[in-house]
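Participant: I'll drop the sequence and a predicted model, then ask my questions.
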Amino acid sequence: MIKKLLDRIFKPKNSKAERAKTESAKAEPSQSNRPVLGTKKPTRKSADASKHDANKNGALTITQKNHQIDRKLLSSGAIKTIEGLQKAGFEAYIVGGAVRDLLLKRIPKDFDIATDATPEEVNRVFRRSRIIGRRFRLVHVLFGDETIEVSTFRGSHLEADGDSKVTDSGRIIRDNVFGSIVDDALRRDFTANALYYDPSSQDVLDFHHGFADIQAGILRMIGEPETRYAEDPVRMLRVVRLSAKLGLKIDPATQAPIASMADLLQDVPPSRLFDEMLKLFLSGHAIESVSALRVQHLHHGLLPMLDVVLEQPMGERFVMLALQNTDDRILSGKSANPSFLFATLLWHEVLAAWETYKADGHPLIPAMHMAMSEVIATQAEKLAIHNRYTATMKEIWGLQPRFEQRAGKRPFGLLTHPRYRSGV
Ligand code: ATP
Ligand code: MG
């Protein structure tokens, strides 16, 4: 392992040229008449050959008889994407959360595909596809209503010859170095998320004993947990979210560094934190996740509003009710509206500002407008809450003075409002 890292760091200067040469030699034979979806070109390696390669790469091959994934649970878009790429001569697998969820007998939320084709090559295979992203360049392949996310195998950011960027603290801020399936598996977060399923052969390739961990109910970080959290502090939140959602126990070594590394979350751009918090709140397990965040000391400073609100007994009850409401909706298959949730989470901030403006002699309604603008300007900006949510949040807050006028002080009026239940 150390030798491999040293080799990478001290690689000869001409490695880029060499790599480009091998890549183009590899791509050449199928390039001239690479098909768009629907045309045939059987250049794909046989299932046996890839099994052989994978074993050479150190992966375990788990056959259908052992993993028992039901192929009927796969989305047709995912199968068509993989078949299209394989027909064009590329390797392609379902990877990440979908394989993990299938092994846990859950219905996957979405299907991500990993391939050795570059984004441009994927884009050429599928007429209805587009390249997206900067931090990670991906391709979205469209089939009717379904969007399948296809990513090229990622290599190590230690490679000097790709498009990647790492800060002094070790945080990866750009990661567009392509690599082999082995590299790709190594840079994923948990062993359970590094499983590659080929629907054609129905084999699962397991590079980090994720299959055994899933069977034992363990969520385990790949590699050295400290290094992996320094590279990307959001992984600490993912540990909490995924263990709560999937009912997996956190491996002790994965858990150990979190308390002392929690502060690294301060350096993560607010927009990324917001995306991750939204996933956490809308996972159907928000209550457990928020409790776990507190146990792990991850809630401080993470969401300023959560800090403020959870510290006051009334606020905590209010937040927990809102989260329970959201969990119930999600678990019963309904949608939940993030604007309503965030309006609730920030309500106590608005209330405090409103009281101040009223005490200053402003009439009820103008005082509310001033309070809303103030909270949006400070909290919402800090949390990078998107404009499309803040408009609805203001609308919901704006209803609150009416509750107060009709029914006296009813802090829970907001939660019982019909629009709260109406979803997006
Ligand atoms: P969910 O079911 O919530 O979608 P997921 O594990 O699929 O969970 P995604 O954000 O969809 O989460 O990511 C897809 C895959 O990408 C993961 O399974 C994992 O292999 C990899 N991944 C995502 N985020 C990270 C990260 N921060 N560091 C390393 N690998 C990651
Ligand atoms: Mg996913």
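Facilitator: Yep, it's here. Only a predicted model underlies this, so the values are computations on that prediction, with no experimental measurement involved. Ligands and ions are numbered 1, 2, ... in the order given.
Participant: so what's the residue lying closest to residue 204 once chain neighbours are set aside up against?
Facilitator: Counting by CB to CB, 6 or more residues apart in numbering, residue 204 lies nearest to residue 62, which is 4.2 Å off, once chain neighbours are set aside. C-beta coordinates here come from the backbone N, C-alpha and C atoms, glycine included. Residue 62 makes contact with 203, 204, 205, 206, 211 under the criterion CB atoms under 8 Å, 6 or more residues apart in numbering.
Participant: please apply the same query to residue 330.
Facilitator: So residue 330 contacts 282, 283, 284, 336 (CB under 8 Å, 6+ apart).
Participant: and for residue 102?
Facilitator: Contacts of residue 102 (CB under 8 Å, 6+ apart): 69, 70, 73, 108, 197.
Participant: next: residue 120.
Facilitator: By CB under 8 Å, 6+ apart, the neighbours of residue 120 are residue 131.
Participant: so how far is ligand 1 from it?
Facilitator: Separation of residue 120 from ligand 1 (CB to the nearest ligand atom, to the nearest Å) stands at 21 Å.
Participant: test for you: state the pLDDT assigned to that residue.
Facilitator: Residue 120 carries a pLDDT value of 94.
Participant: which strand or helix spans it?
Facilitator: According to DSSP states H and E, residue 120 maps onto helix 119-125.
Participant: following that helix, which helix or strand comes up?
Facilitator: strand 129-132.
Participant: what residues of that following strand count as buried?
Facilitator: Going by neighbour count (16 or more other CB atoms under 10 Å), the buried part of strand 129-132 is residue 129.
Participant: does the helix or strand just after it come close to ligand 1?
Facilitator: Using DSSP H and E, the helix or strand that follows strand 129-132 in sequence is strand 138-143. No: Strand 138-143 does not reach ligand 1 (CB under 6 Å from any ligand atom); its nearest approach is 10.6 Å.
Participant: can you give me the offset of the next helix or strand after strand 138-143 from its chain's centre?
Facilitator: Sequence order places strand 146-152 as the next helix or strand after strand 138-143, per DSSP H and E. Computed by CA atoms, centre = their mean, to the nearest Å, the chain-centroid distance of strand 146-152 equals 14 Å.
Participant: so for residue 261, what's the nearest residue that isn't a sequence neighbour?
Facilitator: Residue 261 sits nearest to residue 229 (CB to CB, 6+ apart), 4.9 Å away.
Participant: helices or strands next to the helix or strand containing residue 227 in the packing?
Facilitator: Assigning secondary structure by DSSP H and E places residue 227 in helix 225-231. Applying 3 or more CB pairs under 8 Å, 6 or more residues apart in numbering; DSSP states H and E, we find helix 225-231 packed against helix 234-246, helix 258-261.
Participant: at 7 Å instead, please
Facilitator: Helix 225-231 sits against helix 234-246, with contacts defined as 3 or more CB pairs under 7 Å, 6 or more residues apart in numbering; DSSP states H and E.
Participant: following the helix it packs on, which helix or strand shows up next?
Facilitator: Taking DSSP H and E, what comes next after helix 234-246 is strand 249-250.
Participant: quick check, nearest of the contacts of residue 102 to ligand 1?
Facilitator: Comparing the contacts of residue 102 against ligand 1 with CB to the nearest ligand atom places residue 108 closest, at 7.2 Å.
Participant: next, the closest one: secondary structure please.
Facilitator: At residue 108, secondary structure determined by DSSP: H, G, I helix; E, B strand; the rest coil is coil.
Participant: any idea which element the closest residue to it other than its chain neighbours lies in?
Facilitator: Of all residues not flanking residue 108 in the chain, residue 98 sits nearest, at 3.8 Å (CB to CB, 6+ apart). Counting by DSSP H and E, the element that carries residue 98 is helix 97-103.
Participant: any idea which residue of the chain is furthest from its center?
Facilitator: Distance from the C-alpha centroid of the chain, by CA atoms, centre = their mean, peaks at residue 361 (46.6 Å).
Participant: so is it in a helix, a strand, or just coil?
Facilitator: coil.
Participant: about what we covered before: among the contacts of residue 62, which are in strands?
Facilitator: Mapping those onto strands (DSSP state E) picks out 203, 204, 205, 206.
Participant: contact partners for the most centrally placed residue in the chain?
Facilitator: Nearest to the mean C-alpha position of the chain, by CA atoms, centre = their mean, lies residue 276 at 6.7 Å. Residue 276 makes contact with 234, 237, according to CB atoms under 7 Å, 6 or more residues apart in numbering.
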